[in-house]
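Novice: Quick one: sequence plus predicted model below, questions after.
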Amino acid sequence: MRVLHLLINGDRVTVAAPEHWTLLEVLRYELGLTGSKQGCDKGDCGACTVLVDGKPVLACLTLAALCEERAVTTIEGLLPAHVKSGGSGPDPVQAAFDECGALQCGFCQPGMMLSARALLDRNACPTRTEIQDALAGNLCRCTGYTQIVEAVELAVAKHCGVAPRRPGSARPRGRSRPPPRRA
């Protein structure tokens, strides 16, 4: 066992965990933060995506010991971080996903939202291609990505003060081509 000192969603926590445990295991099984989903356990699906020092990482492939004293944000910490930075209500990414009906089963939701939040934190007004690239490591088997990309575009449009790409468009739910995978 190893004692880890972590900064999770702005809170300092100390936890004892086996040396070989991943960040995902510590989050889910020691801290009870089950928003990060355990999907493939090999880095293919992105359901376990969290932010470490503001960058998206796959928690199933990241040793918890490598995250000592680093800022880890899970989906549970997205709303509190938004409020702490002066916002009100849900994070704009969360609100846009809801407004666009960008999710069905919700399994991919945490990873998608955190990947989108990381993109918007480093590039407030990305292009559609940049959005697709940022989401490429996150798989969705329900919505087909169209509504997910449109949700991020809506968050961008609201932030940048421009009209959404397709204002009020309601597309039928269904599969479309997934964004390209990152190399």
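Specialist: Arrived safely, thanks for sending.
Novice: Now do the closest residue in space to Lys37 that isn't next to it in sequence against Ala157, distance only.
Specialist: Take Lys37 and drop its neighbours on the chain: the residue closest to it by C-beta to C-beta, 6 or more residues apart in numbering is Ala47, 3.8 Å away. Any C-beta I mention is one placed from the backbone N, CA and C, and that applies to glycine too. Per C-beta to C-beta, to the nearest Å, Ala47 is found 27 Å from Ala157.
Novice: Same check on Asn9?
Specialist: Counting by C-beta to C-beta, the gap from Asn9 to Ala157 is 28 Å.
Novice: Return the helix or strand in the chain with minimum mean pLDDT.
Specialist: helix 78-84 (a mean of 90; mean pLDDT, DSSP states H and E).
Novice: Can you pick out the residue with more neighbours from Ala47 and Ala157?
Specialist: Ala47 (24 against 18; other C-beta atoms under 10 Å).
Novice: quick one: the more buried one and Glu25, what's the gap?
Specialist: 14 Å.
Novice: just Arg12 next, same as before
Specialist: Counting by C-beta to C-beta - Arg12 and Glu25 are separated by 19 Å.
Novice: So if I had to pick from those two, which one is more boxed in?
Specialist: Neighbour totals were compared for Arg12 and Glu25, and Glu25 leads with 19 against 9 (other C-beta under 10 Å).
Novice: Thr143 is in contact with Gln104, isn't it?
Specialist: Yes. At 5.5 Å, Thr143 counts as touching Gln104 under the criterion of C-beta atoms under 8 Å.
Novice: Quick one: end-to-end length of stretch 3-19, please.
Specialist: One end of stretch 3-19 to the other measures 9 Å (C-alpha to C-alpha, to the nearest Å).
Novice: same question but for stretch 54-67, I mixed them up
Specialist: Terminal-residue distance, stretch 54-67 (C-alpha to C-alpha): 12 Å.
Novice: residue contacts, the residue nearest to Lys37?
Specialist: Ser36, Lys37, Gln38, Gly39, Cys40, Phe107, Cys108, Pro110, Gly111, Asn138, Leu139 (C-beta atoms under 8 Å, 6 or more residues apart in numbering).
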